[in-house]
Every structure is written in C-alpha cells, then in structure tokens.
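A.B. asks: coords below, sequence missing:
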C-alpha cells in the first residue's frame, strides 16, 4: 500500500501545486550538470568520434546517475523514518509529472490572446516554443499552443508515469528512480538533442535514446486516447495515415491522436531563426483550433493520466 500512497500523493501534489516558482527542482539540477559537462566535453573533444563517445558518456552519467541518486535519497529518508521516505518519494515523483505545468503554460498564453493582446501572447509563447513567434497570427499562436500541449502530453506526463509504474513493478527499485532517469533523458534531449552544430555529434546519443525510451509509452498513450475518445478506429486510421509522415517517431503520433479526436489539423509552416520549415499536416481541418480545443486536449491528457494511475494503484493493491 505504500507505493499506492506515493502515486496518489504525487498526483495530488502535481494537480494542486505543480512546480512552484523559485522552488528547487530536479530538472534544474540536471540542467546545471548537463551545462557543465557540455562545456567540459566541448573543450576536450574536438573530433566527431570523440564527441560521439562524449555524447554516450554524457547520457549514461545523467540518466543512470539521476536514477541512482534518487534511489539513494529515498532509501536514506526511509532509513531515517518510513514516513519521511514516503513524503520525499512523493515529492520527487510529483516533480516528474508536468500536467499542471502544461495547463499553466497554455493558460498563460491564452489569457492575453483571448483578451485581444496578441503581442503579449506572442511574447509569452516564446518562453515555451522554439519557433519564431514575433509575427504569428492568432490562429498560428493557437496551433503552436496545441502542438506544444499535445507533444508534451507524452514525454512530460504519460511517459514519466509509465516508467514510474514499471519501477513500481521491479523489486527494490520503486517508481521514482526510473521516472527520474526518464526525466534526465528528456532533459538531455531538449538541451543537446539537435542535428545542428555544436550538438550534431555530442547530442546524437541523447536524441536517439530519448526516442527509444518514449516509443512504447507514446504508442500506449495513443491507444489510450483512442479508447477514451470513443472512436478508436478513426483515431488509429488517421494516425496510420499522417503520423508516419512526421520525422519524429513519437511527437507526430502524439499530436496526430489529439488532432484526430478534436477534428483539427496541426503541422504546416513554422519559422526557426528566420528559416522556414514545413512539418507534415496531421489530422483533418474539420474545425478551427480554438481555446476550447486546447482545453479539451488538456482534459484528454488528464483522463489518460487518471486511467493509468487507477490501473497502477489497483495492480499494486492486488499484488500486495
């Protein structure tokens, strides 16, 4: 029952509190370590081969180290007092979920947009997306928010929960170490997982590993969304038609599932540092993207999260 309590408390903490501004967060620590290691490897590794080796080393240090340090912290807390162990593990696990953060980011952009302040909406959006935002129209802003919400539903919410459930099934491991390890992989990908210099060789391992780690939870998320929507055949047909055209093995599937359910279309032309890039079109433009579409997407993610959480808690309770 202890693990069930950890899952419940972690979910409640993310729902009620999220990531309070100014509080220490594991991802911030991971980011600092990554920055220092990037600087070090950038100085000592000059050839493509040594940078590839450095990329593997960087990935292993961060991912394995995050999981092991998390495990040690939790075990130390349990040794001091069982209740302290539960509290600390719940807090650490809650930090791996980003459901409230996704909702807060979307609302931060939608609030000035619905109030008619497109300029402020563009400015706030620039904090959350990599594309150029200074010339985006209102429909393009809404598309950018929906794409961010639906892409991050997998790697920011469902995948950490998936690995927490896997960890809970492994004797002596627990949910949090694997969730932290996945979070480290996701952080690495967001910081160095680019094909452009200077991360072409240094970040190749992190990008591919994150793709591999996200592949299964992404497909399970798509299946769950299809079932929750009540039209699984339609969702799967659209994903099989459009998601396979996306160069990413995961984000296209995640975005396409939501597009199929909501009856909207994502993808198209985006600008990055003044350079236009075309993304495959996902879904059919039956309806325009509206703030209600974004709220519906967040609600779908919440339903999926709660369903997986309920199954995990039930399984843990039956096996104890």
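C.D. replies: Yes, it's here. This one's a predicted model, so the numbers in the text were calculated from it and none came from an experiment.

A.B. asks: any idea how far residue 289 is from residue 166?
C.D. replies: Computed as Cβ to Cβ, to the nearest Å, the residue 289 to residue 166 distance reads 34 Å. Bear in mind the C-beta positions are built from the backbone N, C-alpha and C, glycine included.

A.B. asks: Without its sequence neighbours, what residue ends up closest to the spatially most central residue of the chain?
C.D. replies: Nearest residue to the geometric centre of the chain (Cα atoms, centre = their mean): residue 156, 2.1 Å. Sequence neighbours aside, residue 98 is the residue nearest to residue 156 in space, at 3.7 Å (criterion: Cβ to Cβ, 6 or more residues apart in numbering).

A.B. asks: Leaving out sequence neighbours, find the closest residue to residue 219.
C.D. replies: Here the residue nearest residue 219, using Cβ to Cβ, 6+ apart, is residue 253, at 6.9 Å.

A.B. asks: contacting residues for the one you found?
C.D. replies: Listed by Cβ atoms under 8 Å, 6 or more residues apart in numbering, the contact partners of residue 253 are 218-219, 222, 239, 243, 246.

A.B. asks: re the thing from before, surely the residue nearest to residue 156 is in contact with residue 157?
C.D. replies: Yes. Residue 98 is within contact range of residue 157, at 5.8 Å (criterion: Cβ atoms under 8 Å).

A.B. asks: which of these two has more neighbours?
C.D. replies: Between residue 98 and residue 157, counting by other Cβ atoms under 10 Å, residue 157 is the more crowded of the two (26 against 23).

A.B. asks: those strands in this protein, which residues are they?
C.D. replies: 266-272, 275-282 (DSSP state E).

A.B. asks: most tightly surrounded among those strands?
C.D. replies: strand 266-272 (a mean of 16; mean count of other Cβ atoms under 10 Å).

A.B. asks: Now tell me what touches it from outside.
C.D. replies: 130-132, 135, 143-144, 146-147, 150, 246, 255-256, 258-259, 276-283, 289.

A.B. asks: so where's the stretch 51-200 of the chain uncertain?
C.D. replies: Along the stretch 51-200 of the chain, segments meeting pLDDT under 70 are nowhere present.

A.B. asks: Let me see the ranges of the helices in it.
C.D. replies: 82-94, 99-114, 118-125, 138-153, 159-169, 175-192 (DSSP state H, counting those that start in this stretch).

A.B. asks: ok, the closest residue to residue 90 other than its chain neighbours to residue 181 distance?
C.D. replies: Of all residues beyond its chain neighbours, the one nearest residue 90 is residue 9 (3.9 Å), with distances taken as Cβ to Cβ, 6+ apart. Applying Cβ to Cβ, the value for residue 9 to residue 181 is 21 Å.

A.B. asks: who has more neighbours, the two?
C.D. replies: Shown here are residue 9 and residue 181; by other Cβ under 10 Å, residue 181 has more neighbours (24 against 17).

A.B. asks: which residues does the residue nearest to the more buried one when sequence neighbours are not counted contact?
C.D. replies: Leaving aside its sequence neighbours, residue 181 sits nearest to residue 67 (Cβ to Cβ, 6+ apart; 3.6 Å). Contact analysis of residue 67 by Cβ under 8 Å, 6+ apart lists 177-178, 180-181, 184.

A.B. asks: Next, format the strands of the chain as CSV and append mean pLDDT.
C.D. replies: Converted to CSV, the strands of the chain look like this (pLDDT from 0 to 100):
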stretch, mean pLDDT
strand 266-272, 91
strand 275-282, 91
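
A.B. asks: Could you point out which of those sits nearest residue 42?
C.D. replies: strand 266-272 (22.6 Å; Cβ to Cβ).

A.B. asks: Centre of the chain to the closest one, how far?
C.D. replies: Its chain's C-alpha centre and that of strand 266-272 lie 20 Å apart, by Cα atoms, centre = their mean, to the nearest Å.

A.B. asks: List the neighbouring strands of that strand plus their orientation.
C.D. replies: Paired strands of strand 266-272, with direction, are strand 275-282 (antiparallel) (DSSP bridges).

A.B. asks: what inclination does the partner strand have with respect to helix 138-153?
C.D. replies: 70 degrees (axes from the mean of the first three to the mean of the last three Cα atoms, to 10 degrees).

A.B. asks: who touches strand 275-282?
C.D. replies: With Cβ under 8 Å, 6+ apart as the criterion, strand 275-282 contacts 242-243, 245-246, 252, 255-256, 259, 265-271.

A.B. asks: among the residues you listed, which two are most distant?
C.D. replies: 243 and 271 (23.2 Å).
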